[in-house]
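Enquirer: Sequence and predicted model, in that order:
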Amino acid sequence: MKKLILIPLLLFSLILSGATYYVAPSGGSDGNAGTNIAAPWATWQKAFTTATAGDTVYFRAGVWYPTAQVYKASGNGTRTNPICFFNYPGEVPILDGINKTSESHGIYLTGVDNIHLKGLTIRNNRQITGEQVQGFLIANCTNITFTNCTSHNNGYRGFNLFQTDTAYFYNCDSYRNSDTLSSGPGNGGDGFNFWGYDGNTASYVIVRGCRAWENSDDGFDTNYDGYVEYDSCWSFNNGNLLSASEGQGFKLGLKENDAAFLTRRVSNCIMAFNANTGLTTNEDPNDASFVAQSMQIYNNTSYHNGYHSNHTTWGWGYSIVNSAASSDEIELSRIFRNNIAYDNAQNPVLLWPDALYTHSSNTWDIPLTITDADFVSVDSTGITAARQANGSLPNNDCYNYFLRLSSTSDCIDAGTDVGLDYTGIAPDLGWAEYAEQDPPEEPILATLSTYDPYWTSTTTASTGGFVSDDGGGTVSVRGVCWNTTGTPDTGDSKTEDGTGDGAFTSTMTGLTQGTTYYVRAYATNEAGTAYGTQMTFRAQIIKHDNKFIKHGGKFIIIN
């Protein structure tokens, strides 16, 4: 029987009662009140120092180049009136650390509560002497929310959460973060890192719709005692920047305290092209202080991990470690169901000696022989594309077809009910349920026709065309072309009259009376340039043997 469970992205009820401020990269001053969009503040630091509970700060489009980190160490919001630091709707504010001469983070929040950051980009906070440099550093805070934020090209981690209770990450990206100057170069460059296993941290972290790629170490690294959930996240190409880096897609330990309650959940995620392993439980088999934890690993896809030249002995889909200190009962509370492991450099699963876990309905349990034909596409072109305007994942062939099950796949209806939404008689395996869809097709040439030209003056004529089929691509330019020799193309005289399919009109200019012209409509898409039917027409007045002229359909004799 089909089961439908709806999990809302975020239930936020805000009673905003504070002020609204504006910050702009030019034309502003920190001496302004900041409440007038025409007289904004100039710096992010002014905003982070000034805003209090219920206030909303809008950052306008542009790039700021601070020489020090932006920090907030006092002034809390409340749960109903958080402090909101938002991009101005439709605009992209960027905090760029490229001009810093000493190491500091991009944004540093410490000891503050109930903060919401949305639509902000942090980049280029680099190592100089080897110190750790984060894009966003959140330490000892409570109830912090990130929505549509981006952190990239920083000298350690993109997002680093330390000893913080309750944090939400929605539709955030973190990429190309790399600690090249550390003592172990590359081994700290995580996309997202959640750190806080002091035994007293009752942390709660939700990560949904986020992406991590080309970080020198791991995509998502988890070192918390509390509950951390990853839902519909993509982790790919991590660990490929430096040879010493580890390059896991998802790392789910370490943890100091045994607990029977659920602490990790990973569902509907993709881990692909990482230098090491797609997902590892990551307990330490040689250190009794780091123990196993209860986890649910449901409906994920691990693909083509471990092919980096410096990791020739690694590359499993999933790695389950034997904890030196945990009981068999705790190890068995690590539950893996409905997962796919395909085309990884090593076996689907690395099961460490004496390691235990609970598992069923995974591709290695049934077992299934998986090939490329089980998927609509294994082409990841476009995987790093920009998000849609609303912050959701890109709408392109990669996100529509990559590693989605084809109609003939044995993974359809092969799973077991784990409480996630599914269609059919049983859940499918992997990150997404099968849905009827046409496979991606390469565009072909457009189909179009040419309108009959007619004279509008002694030197101009009107014509045009109709694009009846765009060939499955995007018509980037269309118009007419003409010459006096026949079979004109876009190397001859031409017009450019918009994009897309449908009708268009064109005006030919610079024509000479008494000349025969050949005209074709054209349309260009990804497959090339297509042409309509060739039309021929002559000038409005034509001499004939120097004795007759044709004018208005009648011949006139010239004596």
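Expert: All right, it came through fine.

Enquirer: Now do the phi/psi pair for the closest residue to residue 278 other than its chain neighbours.
Expert: In this structure, residue 278 finds its nearest non-sequential neighbour in residue 302, 3.2 Å apart by CB to CB, 6 or more residues apart in numbering. (Each C-beta comes from the backbone N, C-alpha and C, glycine too.) Residue 302 has phi and psi values of phi -110, psi 120 when expressed as degrees, to the nearest 10.

Enquirer: Against residue 368, how distant is residue 302?
Expert: 14 Å (CB to CB, to the nearest Å).

Enquirer: Give me the more crowded residue out of these two.
Expert: Set residue 302 next to residue 368 and count neighbours by other CB atoms under 10 Å: residue 302 wins out with 32 against 17.

Enquirer: who's that one bridged to?
Expert: Bridge pairing for residue 302 (DSSP bridges) gives the partners residue 271, residue 341.

Enquirer: wouldn't it be in contact with residue 248 here?
Expert: No: contact between residue 302 and residue 248 fails when scored by CB atoms under 8 Å: they sit 10.8 Å apart.

Enquirer: Spell out which residues are contacts of both of these two.
Expert: Common neighbours of residue 302 and residue 248 (criterion: CB atoms under 8 Å, 6 or more residues apart in numbering): 278, 279.

Enquirer: returning to that earlier point: roughly how far does the residue nearest to residue 278 sit from residue 429?
Expert: Distance, residue 302 to residue 429, by CB to CB: 12 Å.

Enquirer: same check, this time on residue 361
Expert: 7 Å.

Enquirer: any residues in contact with both of the two?
Expert: By CB under 8 Å, 6+ apart, the residues touching both residue 361 and residue 429 are 338, 414, 415.

Enquirer: number of nearby residues for the nearest residue to the first one once chain neighbours are set aside?
Expert: Right, residue 338. Of all residues not flanking residue 338 in the chain, residue 415 sits nearest, at 3.8 Å (CB to CB, 6+ apart). By the criterion of other CB under 10 Å, residue 415 has 25 neighbours.

Enquirer: Assess the claim that residue 415 and residue 422 are in contact.
Expert: Yes: the criterion here is CB under 8 Å, and residue 415 meets it with residue 422 at 7.5 Å.

Enquirer: on that earlier part again, between residue 361 and residue 429, which is the more surrounded one?
Expert: Remark: of residue 361 and residue 429, residue 429 carries more neighbours, 30 against 21, as counted by other CB under 10 Å.

Enquirer: Could I get the contacting residues of the more buried one?
Expert: 299, 338, 339, 340, 361, 362, 363, 368, 405, 411, 414, 415.

Enquirer: same deal with residue 116?
Expert: 77, 82, 83, 84, 85, 86, 144, 145, 147.

Enquirer: most neighbours, which of those?
Expert: Within those, residue 85 tops the neighbour count with 28 neighbours, counted by other CB under 10 Å.

Enquirer: Surely it is in a strand?
Expert: Yes: assigned with DSSP: H, G, I helix; E, B strand; the rest coil, residue 85 falls within a strand.

Enquirer: Look up which residues are beta-bridged to it.
Expert: Bridge pairing for residue 85 - DSSP bridges - gives residue 57, residue 117.

Enquirer: Go ahead and confirm it touches residue 55.
Expert: No: counting by CB under 8 Å, residue 85 stays clear of residue 55, with 9.2 Å between them.

Enquirer: quick one, domains of this structure?
Expert: 14-123, 447-543 (automatic domain parsing).

Enquirer: tell me, which of those domains is the model least confident about?
Expert: Note on these: lowest mean pLDDT is at domain 447-543, with a mean of 90.

Enquirer: Could you pull up the residues touching residue 504?
Expert: Counted by CB under 8 Å, 6+ apart, residue 504 has contacts 464, 465, 466, 467, 478, 479, 497, 498.

Enquirer: What distance do you get for the first one to residue 503?
Expert: Relative to residue 503, residue 464 is positioned 7 Å away (criterion: CB to CB).

Enquirer: distance of the nearest residue in space to residue 283 that is not next to it in sequence from residue 288?
Expert: What sits nearest to residue 283 in space, not counting adjacent residues and going by CB to CB, 6+ apart, is residue 323, at 4.0 Å. From residue 323 across to residue 288, the span is 9 Å (CB to CB).
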